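1. Sharing a sequence plus its predicted fold:
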Number of protein chains: 2
Amino acid sequence: MAALPAETAIEGLAQVFGLLSDPGRLRLMAALLEGGEMCVCDLAAACGQSESSVSHALRLLRLNRVVKVRRSGRMAYYSLADSHVRMLFDLGLTHVAHDAAGAHD
Amino acid sequence: MAALPAETAIEGLAQVFGLLSDPGRLRLMAALLEGGEMCVCDLAAACGQSESSVSHALRLLRLNRVVKVRRSGRMAYYSLADSHVRMLFDLGLTHVAHDAAGAHD
DNA sequence: CGCGCATGTGAAGAAACGCTCATATGAGCG
DNA sequence: CGCTCATATGAGCGTTTCTTCACATGCGCG
């Protein structure tokens, strides 16, 4: 990684932030931040989404190592894979708060 | 903010991360992180985008207080509004690096 | 003082995204 | 053993988002 590592990095960043740009996925992550570990149906109920869309969303998050899954019988228990999400949340909220306080469109 | 501040916060977070989910905008922000303050045409040249799309992108970023503008004659010099972007960048890159190292799909 | 460059904006087409419906797999239970 | 529940996946559709083109504004220069 010498010439333009920025290019690959930029693409990766866009992908990661893209995962965080959907309210539905954000709710799932927020629920996991609070609940620690939850199964798909509880997640769906807690976030007010269909189990299908939750499953689709979790697949994306799983493929990007944002969440991890533990299986027990026919249940799948999801949890956050690392602490980056919490930091990203807090940092994002800081900007949102600052933004709302300052001004907006 | 008592009952469900989460809902408003979630929407705000999604919007902020949505701004960061586009490679074009990310490149602009990266250029500003390095260059400090740049005009639209230099930004367009540095990021390999049309001046029009740069102008559109900068408008979004401006409306969300991510960048600020200083006008001098017919030129418009843009710079980052605060340090959140740099922190978000670093944190995002940490996840990308960790993700790439661990595994992916 | 009119022409050109830097920038800003609106509209339209293309592409990406998320949601829902239908269906598949696999585990537990009667 | 067959049925049902929890989850996973694929296809189709509606909506949003990005890019481009065309044109508007405003400053500076000859």
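-> On my side now, so go ahead. Numbers count the residues shown, from 1 in each chain, chains lettered A, B, ... in the order given.
2. Can you pull out the low-pLDDT segments for chain A?
-> For chain A, applying pLDDT under 70 flags the ranges A:1-5, A:101-105.
3. Which residue does it have closest to DNA strand C?
-> Nearest residue of chain A to DNA strand C (Cβ to the nearest atom of the strand) works out as A:Gly73 at 2.7 Å. (Glycine included, C-beta is placed from N, CA and C.)
4. Just give the number of residues close to the closest residue to A:Arg65 other than its chain neighbours.
-> Nearest residue to A:Arg65 in three dimensions, chain neighbours excluded: B:Asp99, at 4.8 Å (Cβ to Cβ, 6 or more residues apart in numbering or on different chains). A count of nearby residues for B:Asp99, using other Cβ atoms under 10 Å in any protein chain shown, gives 20.
5. re earlier: the residue of chain A closest to DNA strand C and B:Leu58, how far apart?
-> Distance from A:Gly73 to B:Leu58, counting by Cβ to Cβ, to the nearest Å: 52 Å.
6. can you check A:Ser52 too?
-> For A:Ser52, the distance to B:Leu58 equals 38 Å [Cβ to Cβ].
7. More neighbours: those two, which one.
-> A direct count of neighbours by other Cβ under 10 Å for A:Ser52 and B:Leu58 places B:Leu58 higher, at 21 against 10.
8. contact partners of the helix or strand containing the more buried one?
-> Per DSSP states H and E, B:Leu58 falls inside helix B:51-63. By Cβ atoms under 8 Å, 6 or more residues apart in numbering or on different chains, the list of residues contacting helix B:51-63 from outside reads A:104-105, B:19, B:22, B:24-25, B:28-29, B:40-41, B:43-44, B:47, B:49, B:67-69, B:78.
9. Swap in 6 Å and give it another go.
-> Outside of helix B:51-63, the residues within contact range by Cβ atoms under 6 Å, 6 or more residues apart in numbering or on different chains are A:105, B:24-25, B:28, B:40, B:43-44, B:67, B:78.
10. Skipping its backbone neighbours, what lies nearest the residue most central in space within chain A in space?
-> For chain A, the residue nearest the mean C-alpha position is A:Met29 (4.6 Å; Cα atoms, centre = their mean). The shortest distance from A:Met29 to any non-neighbouring residue, by Cβ to Cβ, 6+ apart, is to A:Val85 (5.5 Å).
11. Now do the buried residues in the host helix or strand of that neighbour.
-> Element membership for A:Val85 (DSSP H and E) is helix A:84-102. Under the neighbour-count criterion of 16 or more other Cβ atoms under 10 Å in any protein chain shown, helix A:84-102 has A:84-85, A:88-89, A:91-93, A:95-96, A:99 buried.
12. same thing with stretch A:52-67?
-> Quick answer for stretch A:52-67 (16+ other Cβ under 10 Å): A:54, A:57-58, A:61-62, A:64-67.
13. out of those, who's nearest DNA strand D?
-> Distances from DNA strand D to the buried residues of stretch A:52-67, taken by Cβ to the nearest atom of the strand, are shortest for A:Leu58, at 5.4 Å.
14. Can you give me the separation between the closest one and A:Val67?
-> Counting by Cβ to Cβ, the separation of A:Leu58 from A:Val67 is 6 Å.
15. so what sits against both of these two?
-> Here A:Leu58 and A:Val67 have A:Tyr78 as joint contacts, going by Cβ under 6 Å, 6+ apart.
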